[in-house]
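S.K.: can you look at this prediction? I've put the sequence above it.
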Amino acid sequence: MPTTINKQRLVTQVMSCLSKSKAPPELPGRPVLEQFIYAVCREGSTREAADNAFKSLQEQFFDWNEVRVSSVRELADALEGLSDAETRAQRIIDFLQEVFETTFSFDLEPLQKKGFKQAAKQLSRFTAANDYAVAWVVQQSLGGHAIPLDGQSTRVLKRIGLLDEQCDNCEAMRASLEHQIPKAKGSQFVDLVSDLAEATCFESDPACPDCPLHNCCPTGALPRPASAAPASKKPR
């Protein structure tokens, strides 16, 4: 199909262009439970911000049980630098509480033996779970092929034409991407697109002339008003 071929070529262009400017290092391995908590930090944020927040949790609290019994405010302070820190903090507390009540521990490694589909189904039952967190754990810990999508990445991928502008079904969008992106490149792809959203592809007034995908992006090719001031980095 021509559309599929075009998307595959576009994926190649995206990986090539973005890797030239920044090739993110490989992510460290983490247990399933920690990957889920990291995903709560990572969704809608940069890798650097998520790394700092996750490190702060580990350094400021003795263990995950102390995190579980801490206040939302205490956790939100530790997650400084992330948007909606209190919402994220509440999700982390709810998740740890539910894991503890279910397993009487903070060990979700038995999920590794269930196969990623069954493990993903079980993870999705947690109140704090969403499509992004489950896809992240599948990609990073469970050996499956999944592309976690947050709002920022979805915005970028729709603008460059890898996702249908009219599609709002997260599962359908992920399935489309997972057919185009090799499993071995999935983690790198997520980081590169996330960085692009932060650096130039803002929600309003994107800095298209400064974008490394300017020449292959339909949105970047659109004429810009002559009177428009140069775009500057804006908070997301």
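M.R.: Arrived safely. Numbers count the residues shown, from 1 in each chain.
S.K.: and the residue nearest the centre of the chain, what does it touch?
M.R.: Within the chain, the residue whose C-alpha comes closest to the C-alpha centroid is residue 43; the distance, by C-alpha atoms, centre = their mean, is 4.5 Å. The neighbours of residue 43, taking C-beta atoms under 8 Å, 6 or more residues apart in numbering as the test, are 130, 132-133, 136, 148, 150. To be clear about C-beta, it is placed using only N, CA and C from the backbone, and glycine gets the same treatment.
S.K.: show me where this structure has its strands.
M.R.: Counting by DSSP state E, the chain yields no residue ranges for strands.
S.K.: for it, which spans come out with low pLDDT?
M.R.: 1-5, 21-24, 224-236 (pLDDT under 70).
S.K.: try 80
M.R.: Judged against pLDDT under 80, the low-scoring parts of the chain cover residues 1-6, 19-25, 220-236.
S.K.: can you lay out the contacts of residue 43 as CSV showing neighbour count and distance to residue 165?
M.R.: Conversion of these to CSV gives the following (neighbours: other C-beta atoms under 10 Å; distance: C-beta to C-beta, whole Å):
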residue, neighbour count, distance to residue 165
130, 17, 22
132, 21, 20
133, 24, 25
136, 25, 25
148, 25, 20
150, 21, 17
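S.K.: export the residues you listed as JSON lines, with columns for distance to residue 98.
M.R.: As requested, the contacts of residue 43 are exported to JSON lines (distance: C-beta to C-beta, whole Å):
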{"residue": "130", "distance to residue 98": "14"}
{"residue": "132", "distance to residue 98": "18"}
{"residue": "133", "distance to residue 98": "13"}
{"residue": "136", "distance to residue 98": "18"}
{"residue": "148", "distance to residue 98": "21"}
{"residue": "150", "distance to residue 98": "22"}
